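>>> for reference, the sequence and a predicted model appear below.
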Amino acid sequence: MKIINNYDGSSIDIINEDLRKNEAVLSLRKEKDLYSHYYNFRVENDLNKVGTVFIKNITKSAYYCPDQEHAPYIKEKDKEWKRLDSEEWKIANDTLKINIQPHKVEEISLSPRYTKNELDEFISKIKNNPNIHIEEKILPQIEIGDKENPTIIVIGRQHPGETLSSFFIEGMIEEIIENKLKYHFLIYPIVNQEGVKNGNHRYFNEPDYNRSWNKQDAPQEIKYIREIVKKTKPEYFIDVHNDEISSKDYVTMKSNITEIGGIQVLKPRSTIKRFIRAIIKQHKIINPRLKTAREYIQQEYNCKSILIELSMNEEYTKAKNKGKKFIIDLLKERN
């Protein structure tokens, strides 16, 4: 059995491969002083017997939660991603154990891998639409609609390992095209490009993008989007993430609306408990002076800023459908 971890979006450390036992011992990768929550690798089992992969340090991830243990995703060549059945994986003693069936070449991931390659494949399907303009300067930009209409800015993947957000944004884009919505959309599906390529969960050598919005030395992608916001003065600013701890999707925004597209809307203060749990786990204090995208854009430009958090329990195909429903319901509420 062979482990492969040298392609875009992969993330795992190899401790030992025992060909005789057909086993491999792996570890979550370190990101600065924390263990990454995200993992992705390929495994080739060319023997006629079940192989076993052991992933160490699972419970040491900053975002591990015992009551939110997520079944790994698996993908065979030329097939769709699917969750592993319960009898094929188990977490015990800080280790995730996964059974690999005989004569299989599979990719295993916390959530379906989505890199620049997948984005380019999606763009190739929509780029010939006359209402769409694709541009790539500092980062990939998908522009839809007439600039004379109110602008809506959508961003995703500030945290690279939160791959479900990419499927949500794909759904939004498909629905925008299908319904010819009378808005001017500027969409940045992958903000932290280097982090996505390197298979990071939140950050490795780079800073936490979503704690950099009011910093003078913010990453160039953040500076670029800040200038776009300043120039276009959008009506809405939408930032899409995944929540590793919550069992439900939620939206954070200043509004009296209680639900958009089937997703519960929380007022900003209602999300404090979620961050407290993460802070305790990390043994860190999040500096309140470092603003998130939603906080910074809301404060600086008085823009309707929206944070979307998709639960890691969410199936990636459902995330795409929720993206479609969300954008329609959001704009319906305003029209």
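Sure thing, it's come through.
>>> which element, helix or strand, includes the nearest residue to residue 161 once chain neighbours are set aside?
Distances taken as Cβ to Cβ, 6 or more residues apart in numbering place residue 38 nearest to residue 161, at 3.2 Å, with adjacent residues excluded. C-beta: built from backbone N, CA, C; applies to glycine. When elements are defined using DSSP states H and E, residue 38 is found to belong to no helix and no strand.
>>> how many neighbours does residue 38 have?
27 (other Cβ atoms under 10 Å).
>>> residue 139 too?
Neighbour number of residue 139 under other Cβ under 10 Å is 19.
>>> that one and residue 221 touch, don't they?
Yes. Using Cβ atoms under 8 Å, residue 139 makes contact with residue 221 at a distance of 5.0 Å.
>>> which neighbours do the two share?
Taking Cβ atoms under 8 Å, 6 or more residues apart in numbering as the criterion, residue 139 and residue 221 both touch 188, 191, 193.
>>> how about TSV for these, with neighbour count and pLDDT added?
As requested, the shared contacts of residue 139 and residue 221 are exported to TSV (neighbours: other Cβ atoms under 10 Å; pLDDT from 0 to 100):
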residue	neighbour count	pLDDT
188	22	98
191	25	97
193	18	95
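>>> now, these that are in helices?
When DSSP state H defines the helices, the subset of these inside them is residue 193.
>>> helices and strands around whichever strand or helix holds residue 310, which ones?
Here residue 310, judged by DSSP H and E, is contained in strand 304-311. In terms of contacts (3 or more Cβ pairs under 8 Å, 6 or more residues apart in numbering; DSSP states H and E), strand 304-311 is packed against helix 164-179, strand 236-243, strand 250-252, helix 293-301, helix 316-334.
>>> and those as CSV, adding distance to residue 198 and mean neighbour count?
CSV is the format used below for the helices and strands packed on strand 304-311 (distance: least, Cβ to Cβ, whole Å; neighbours: other Cβ atoms under 10 Å):
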stretch, distance to residue 198, mean neighbour count
helix 164-179, 16, 23
strand 236-243, 18, 24
strand 250-252, 28, 21
helix 293-301, 21, 20
helix 316-334, 21, 19
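>>> out of these, which comes closest to residue 82?
When those are ranked by distance to residue 82, counting by Cβ to Cβ, first place goes to helix 316-334 at 9.9 Å.
>>> thinking again about what came up before, return the backbone torsion pair for the residue nearest to residue 161.
The main-chain torsion angles of residue 38 are listed as degrees, to the nearest 10 and equal phi -90, psi 140.
>>> ok, now how distant is it from residue 164?
Using Cβ to Cβ, to the nearest Å, we find residue 38 at a distance of 11 Å from residue 164.
>>> tell me, what's touching those two both at once?
By the contact definition Cβ under 8 Å, 6+ apart, residue 38 and residue 164 are jointly contacted by residue 111.
>>> helices or strands next to whichever strand or helix holds residue 153 in the packing?
Element membership of residue 153 [criterion: DSSP H and E] is strand 151-156. In terms of contact count using 3+ Cβ pairs under 8 Å, 6+ apart, strand 151-156 is assigned the packing partners helix 164-179, strand 184-188, helix 220-232, strand 236-243.
>>> and that strand, how far out from the chain middle?
Between the centre of strand 151-156 and the centre of its chain there are 15 Å (Cα atoms, centre = their mean, to the nearest Å).
>>> which strands border it, and is each parallel or antiparallel?
For strand 151-156, the paired strands and their directions (DSSP bridges) read strand 184-188 (parallel), strand 236-243 (parallel).
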